[in-house]
Every structure is written in structure tokens, then in C-alpha cells.
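>>> below: sequence and its predicted model.
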Amino acid sequence: MIQERILELTEYGVATGLLEPQDKIFTVNRLLELFGLEELSDTAIAEYGKRAPMTQESAEEALEGILGEMLDYAAEQQLIPEDTITYRDLFDTKIMSMLMPRPGEVVRTFRQIEEQQGPQAATDYFYKLSRDSDYIRRYRIKKDVKWTADTEFGTLDITINLSKPEKDPKAIAAAKLAKQSGYPKCLLCKENEGYAGRINHPARQNHRIIPVTINGSDWFFQYSPYVYYNEHCIVFNAEHTPMKIERATFAKLLDFVSQYPHYFVGSNADLPIVGGSILSHDHFQGGHYEFAMAKAPVERELSFAGFPDVRAGIVKWPMSVIRIGGRDRERLIELADKILNAWRGYTDEAAFVFAETDGEPHNTITPIARRRGEDYELDLVLRNNITTKEHPLGVYHPHAKLHHIKKENIGLIEVMGLAVLPARLKDEMSALEEALIDGRSIRKDGVLAKHADWVEEFLPKYGITPGTALEDVVSPEKLHEMIEREIGLVFLRVLEDAGVYKCTGEGRAAFTRFTDYINR
């Protein structure tokens, strides 16, 4: 069986373009060595020869099964310490590394395509490589639950993330006992390329990165292994240096979209609570996707003294966004820097905006850059991370009432209109639907009780009395649609909580006070 899987994986490599036909014998021999085998039998060759040739499509469908059987064999032969998801992931990455081109070859091919066919063809090549290599695990991404929710601010994207595997208890215990290492310093460092991994750090032997120069500094470009949206990429500093929003940030973002105009790119904020999960390594996220915020119109135009050539306005969005645009990116950089500096030092007690308390800074910006034809566009999202006794996780953070759905930080991806929700919600929503159909008490259920207030709040909107068995009232399919719609509305409220200036008369008046302050 293992010999046939070796032949099958080698053919997968040829079908997807990871391997040239002349690489087949070499790759088979490398895989035999990996599995501690000395030969390939005539029987295995004959049996495998009866199969139909692979296509790109059939290869993609077959990969999960091929690797699964290889991993089962590895566990049986004690080639991995434990038959757990963590050790299986470490080993299957090593398997896939046998099919991978060297980094220099990938970079050379990328540059050749970029020069001959343009930047979009080059990123198409690199994205396909990142998927075919199983760095992006397509079969796990397919498990993510995705839908959209229509709101007054546009169509929001909702996803329940199931592609990032939860660590098993044995792996968690082993990680605590494992020797702590400072190499690589974090998950974004360039030293991850080709790294074998360990119990507390993922393997990256099938990972490749592309060097890019932005604003005269050395950075790298890769894809996210979890792909929350189309061609979800990460652009990261060649050095392990902390996140910092400054004038150079705007220059780097605009330089990147100048080189890759089919992509947007943005940065998480540089302060805790309103920043991303990795503040220790300067990086951006981008991709080939248009979020609801990018589609949102300007609700009120602005003018800034000294910048008559720059379009500006407040965006109709639940968070507080100033959009600026124009042909000259240097002018956008100058104005963005002016807005950032004004916001860093701005206090408006009436609006509960404090630049700092007890020496701790609170104001920062989440910036996003994109192209509009020949023009450049920057969205500057005003952020504030102040906390209070009432809101210990942040005043401009999802409030406690919404934590049953979303408690995590609101980073760049959520800011733009994509909810990345925890995996637990898939089973919880399924159980909730069953309980509602049967008329069982949600409050008495240990897992579902946290959703009770929310359910009792939204059911009357559909003419349903809370506590009513819905079996004869609404079909399971309609109930599922109802739950998805209401989760989308919860996410809208999450964004409203995260917005510094609310979409009310009072909130917009306070927003105007700040934009007037910029012009002083």
C-alpha cells in the first residue's frame, strides 16, 4: 500500500506541476528513504499502472486521501512519536517537501513570469504553488463555514474558521515540556522557510517566500495558510521588528499596491486590543478581494487645508473611516501622516476619546491601501484601545453582550467586513437549532445558555414567542437561515462597538470636531 501511495504522490507532483516528468524516479527514491524502504516492487508498479492518469482536478481531490494513508503507515511503523494531529501535520509537511522546488528556483520563476506576463500572472503562479504544495491545505479550507449577511452598510462576510486544527491534549502537554526555542523568533520570520518544525512550532518545509522591496526596504511576500479570503497574502519585514504605524507605513502600503495593483494591502494597528495577534513582527495583510468596506460610499466629503488635489471623505461604515484618494501617492502619504499625527495627540472628553491615560497611548490607525484605476486610495480607520471597569477588554471592542458570538480582537480583517468566528460556533449553532425546533430550554443547557438572551431578543422579530417549539412553525432550513442572518447582525454590532464615532447625530458631530481639528 505505501509503495502505491508513493507512486501516487509522485504523480500528483507531476500533474500539479510541482515536478517535471524527469523528476519522478528521483522523487520516488527520496520518498522510499523517508519511509525507511529500500525498494519499489514490480507488483506495486504494475498495480499502480492500471490507474487512470491524474489531472489537476483529480490530483487536488486525491491529495488528502494519499497523505492520510501515508500518515497511517507512518504511525503504524512508529515513524512519528504519537498518532496525533500535531505529529501528523509535522510529518506530512516533511512528505510534501520531497516535491518542492528550491527557494531560488521559485523566486526565479516568479520574476520571469512577472517580467514577461505581469504581476497578476506571477501571483497566480505563486498562489497555485502554495496550494499545490499543501502549505495551504485546501481540504481543510473547504471545511470552513461561510455565508454573507446583508446590512445597511453592505454585504458582510461571515466565516466560522475550521481550517486551523485544535491541538490535542497530548500535544498541549508535550509543548509545555518542550525546550523553548528562539528560532525562528516568530511565525512570520523569514527563517520559517524550510523549517522542520517542532511540537510547539509548525513545520514549514513546503513553505516558500518571495522577496519584495517596498519603500526602499527589504520585505517578503507569502500567503496565509488559512486563506480567510481569496489570495490572502502576508507581506512581512525581513527583520523581526515590532509593528509601528508611521509615515513610512503609508509609503510601504502604497508602494506595494503600485507593484501589485490587483491586490489591496493593509496593516493592523500597532497597539494591543485594537491590533492583530502578532505585534512583535511588522507585517501587512492583503489579497485579491474586495470587502464591504472598500465598496462602501463616502457619506460626507471633507477638504483639508493645503490638499485641494486630494479627494477625502467620511465613509459610510460602522467604524470610523477617513478615505483619501488621488493620483499622486506622495500627497496621500503627506496627508495620511498629518491625520495620523493629529489623531495620536487628540483628546475629546465629551466623546470619550483620550490620547493617553497615565502615560499609556490609546490612539492609532488601521490603514488600508488599494488602487482605483490609475489612482491610489487609502482608508484610515481611527482606533482607540482605552479600557474601563465596565469594559475591561476595551471600550471600542466587542462588548460583553456579544461575547457569546465574538470576543476576540477586531483586527484588520474584521475592520474591512469579514467576521472570523471561533470553531465552537458550528456545533453550538447546530445544537441551538435542534433545541429551538424541539422547544427545549436553552437557559438550562450548560453550553447554550450564553446564547439565551440573544435568542429571546431576536425571535419576536419573526413573530415567534420565545420558548415555543418551532417544529411546526418554521422549517429547519429557514431556521438555519434565520440564525445565520442574526449572527451577521451581531457582527454588525461588533463593528459598531469597535467604532470610535458612532453612526448617530452625536457621533458624527464628534467625528466632525476631529476633522476640523486636523485643519487647525
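Perfect, I can see it now. Numbering: from 1, shown residues only.
>>> look up phi and psi at residue 287.
phi 160, psi 180 (degrees, to the nearest 10).
>>> residues contacting stretch 118-135, please?
Contacts of stretch 118-135 with the rest of the structure, by CB atoms under 8 Å, 6 or more residues apart in numbering, involve 16-18, 63, 67, 92-93, 96, 99-100, 106, 109-111, 113-114, 136, 138, 204, 206-208, 210, 221-223, 225, 231, 233, 259-263, 288. Every residue, glycine included, has its C-beta placed from N, CA and C.
>>> so which of those residues belong to helices?
16, 63, 67, 92-93, 96, 106, 109-111, 113-114, 138, 259 (DSSP state H).
>>> buried members of those residues into PyMOL, please.
This is the PyMOL syntax for the buried subset of the ones in helices among the contacts of stretch 118-135, where burial follows 16 or more other CB atoms under 10 Å:
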select buried, resi 16+63+67+92+93+96+106+110+113+114
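>>> how about stretch 49-63: buried residues?
So, applying 16+ other CB under 10 Å, buried residues of stretch 49-63: 54, 59, 60, 62, 63.
>>> looking at those, which is nearest residue 293?
Taking CB to CB as the measure, residue 293 sits nearest to residue 60 out of the buried residues of stretch 49-63, at 32.0 Å.
>>> pretty sure that closest one is touching residue 138, no?
Yes. Here residue 60 reaches residue 138: they are 6.3 Å apart, a contact under CB atoms under 8 Å.
>>> state the number of residues packed around residue 130.
Number of residues near residue 130 (other CB atoms under 10 Å) recorded here: 23.
>>> helix or strand for it, which one?
Here residue 130, judged by DSSP states H and E, is contained in helix 119-132.
>>> pull the CA atoms of that helix into CSV?
Taking Å, rounded to 0.1, in the frame of the first residue of the first chain, the C-alpha atoms of helix 119-132 are listed here in CSV:
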residue,chain,number,x,y,z
PRO,A,119,2.4,40.9,-11.7
GLN,A,120,-1.0,39.2,-11.6
ALA,A,121,0.3,36.2,-13.6
ALA,A,122,3.2,36.0,-11.2
THR,A,123,1.0,35.9,-8.1
ASP,A,124,-1.3,33.4,-9.8
TYR,A,125,1.7,31.1,-10.2
PHE,A,126,2.8,31.6,-6.6
TYR,A,127,-0.7,31.1,-5.2
LYS,A,128,-1.1,27.9,-7.1
LEU,A,129,2.3,26.7,-5.8
SER,A,130,1.3,27.5,-2.2
ARG,A,131,-1.9,25.4,-2.6
ASP,A,132,-0.4,22.5,-4.6
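>>> so how far is residue 16 from residue 52?
The gap separating residue 52 from residue 16 is 16 Å, by CB to CB, to the nearest Å.
>>> residue 71 now?
According to CB to CB, residue 71 and residue 16 sit 20 Å apart.
>>> list the buried residues in the helix holding residue 130.
For helix 119-132, by 16+ other CB under 10 Å, it's 119, 120, 122, 123, 124, 125, 126, 127, 129, 130, 131, 132.
>>> residue contacts, residue 155?
148, 149, 292.
>>> low-confidence ranges in this protein?
Across the chain, the ranges flagged by pLDDT under 70 are 165-180.
>>> same thing but 80
For the chain, the stretches with pLDDT under 80 are 48-50, 164-181, 276-277.
>>> the nearest residue to residue 328 once chain neighbours are set aside in helix, strand or coil?
Sequence neighbours aside, residue 309 is the residue nearest to residue 328 in space, at 6.8 Å (criterion: CB to CB, 6 or more residues apart in numbering). With DSSP: H, G, I helix; E, B strand; the rest coil as the basis, residue 309 sits in coil.
>>> and residue 309, its phi and psi?
According to degrees, to the nearest 10, residue 309 has phi -90, psi 0.
>>> I'd say it and residue 331 touch.
Yes. If you go by CB under 8 Å, residue 309 and residue 331 touch, sitting 6.1 Å apart.
>>> the two: which has the busier surroundings?
Between residue 309 and residue 331, counted using other CB under 10 Å, the more crowded position is residue 331 (16 against 11).
>>> could you point out which element follows the helix or strand where the more buried one lies?
Assessed by DSSP H and E, residue 331 sits inside helix 329-344. Downstream of helix 329-344, the first helix or strand assigned by DSSP H and E is strand 356-357.
>>> pairing partners for that next one, with directions?
Paired neighbours of strand 356-357 in the sheet (DSSP bridges): strand 360-361 (antiparallel).
>>> who touches the partner strand?
Strand 360-361 has contacts (CB under 8 Å, 6+ apart) with 271, 344, 355.
>>> and the next helix or strand after that strand with helix 329-344, angle?
Proceeding N to C from strand 360-361, the next assigned helix or strand is strand 363-372, under DSSP H and E. Between the axes of strand 363-372 and helix 329-344, defined by axes from the mean of the first three to the mean of the last three CA atoms, to 10 degrees, the angle is 160 degrees.
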